[in-house]
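Participant: Mind looking at a prediction? Sequence and model below.
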Amino acid sequence: MRLPDSDMDEKIKGLSVATQLGARVPTGLIIVPEAYCAFVEEGALPKGLGPALASHLSDIERRIGQKIGVFESDKPPLLFSLRCGDKNGDVRLPESMVNIGLAQAEGQAKPSDAFLGILQEEYAMQAQQFQGSLLAGAAARNPSHGPFGSAVDELLYYIERIYAHFQELEQAGQHHFNRWLIIQQMVYANWNAQSCSGWAYTRNPRTGQADDFGKYLMRQSGVYLNLAPLERKKDLRELRDDIPEAYDQLKVFFTELESYYRTPRYVEFVVEDRRLYILQNTRGSCAAR
């Protein structure tokens, strides 16, 4: 069963529109709410979820021409993120997970690989934040694990704990939240000197003018974007000098977004080696009248 478009998660719809408009969106897949319903009914993840994930990830490997977790000298590894859909209010949802599949990379990458060390640090930090974001019952559910045999095993581990969190929310009487999950290929804002992560509005929400309004960090992943002190973040207009190709792509995308929606939008993005990727496209706000 597929839900009608009106019930689709806002984040997923935003990524779909960005793709339709020709923007680069990291490849991936969605897990529909029916999988969570099966988890509730069966008391465990549905048996077909693991094979379905394995099939989809294999398809992504074929289309991209890379194996999960394999380091190559001229390109970053194929890893994945897992995040909840739009929170749809003030409901507390688990934090995202990043660099899923890294366990496979650790088995074959050189110990001296500096980029691997960066990814390991990010993974550890995000795993701690993920654990801390879970409600008590979900946090206590299978809190320790052995080495993951595959990216599929790793995804299933985190999905089960997210679903346990959802179930605990419902038991507490909170039902107004989306149960979609999003799995996407990682793109790397820390890959080289022509990479960055950032957020922006399509226009200044204070004045309503189509001015540059946003922040970004050079050669730093989004994991650190909200943690970095304000003085380290750069104003969006500076991207025009730092990575002009990405700045131009972003401004064109803003124009297309507003033409499509007829309203301001909020965008999260990554630039990997001068290539712009859109990670989020959601409703913006505008205080100007």
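Facilitator: Received it, and whenever you're ready, just let me know what you need. Numbering: from 1, shown residues only.
Participant: From now on I want contacts and neighbour counts done on CA atoms only, so please keep to that.
Facilitator: Noted.
Participant: C-terminal to the helix or strand of the chain with the lowest mean pLDDT, what's the next element?
Facilitator: Using mean pLDDT, DSSP states H and E, helix 102-106 stands out as the lowest-scoring helix or strand of the chain, at a mean of 73. As assigned by DSSP states H and E, the chain's next helix or strand after helix 102-106 is helix 114-133.
Participant: so where do the helices sit in the stretch 101-250 of the chain?
Facilitator: Taking DSSP state H, counting those that start in this stretch as the test, the helices found in the stretch 101-250 of the chain are 102-106, 114-133, 136-140, 151-171, 222-225, 239-242, 244-261.
Participant: Can you flag the weakest of those helices by average pLDDT?
Facilitator: Per-stretch mean pLDDT for the helices of the stretch 101-250 of the chain is lowest at helix 102-106 (a mean of 73).
Participant: Return the backbone torsion pair for the residue nearest to Arg24 when sequence neighbours are not counted.
Facilitator: Nearest in space to Arg24, with sequence neighbours left out and distances taken as CA to CA, 6 or more residues apart in numbering, is Tyr277 at 4.9 Å. Main-chain torsions, Tyr277, degrees, to the nearest 10: phi -120, psi 140.
Participant: Contact partners for Tyr277?
Facilitator: Shown in contact with Tyr277 (CA atoms under 8 Å, 6 or more residues apart in numbering): 23-26, 187, 269-271.
Participant: Going by distance to Phe253, which of these wins?
Facilitator: Nearest to Phe253, judged by CA to CA, of those is Ala23 at 7.1 Å.
Participant: pretty sure that closest one contacts Ile278?
Facilitator: Yes: if you go by CA atoms under 8 Å, Ala23 and Ile278 touch, sitting 6.9 Å apart.
Participant: coming back round to it: okay, the residue nearest to Arg24 and Val270: tell me how far apart.
Facilitator: 5 Å (CA to CA, to the nearest Å).
Participant: list residues touching both of these two?
Facilitator: Counting by CA under 8 Å, 6+ apart, the shared contacts of Tyr277 and Val270 are Val187.
Participant: pLDDT (mean, whole number) over the strand or helix carrying Leu15?
Facilitator: Per DSSP H and E, Leu15 falls inside helix 10-20. Per-region confidence: helix 10-20 scores 92 on mean pLDDT.
Participant: Okay, buried residues for that helix please.
Facilitator: Neighbour counts using 16 or more other CA atoms under 10 Å place 10-15, 17-18 of helix 10-20 among the buried residues.
Participant: Leaving out chain neighbours, which residue sits closest to Arg232?
Facilitator: Nearest in space to Arg232, with sequence neighbours left out and distances taken as CA to CA, 6+ apart, is Leu217 at 7.2 Å.
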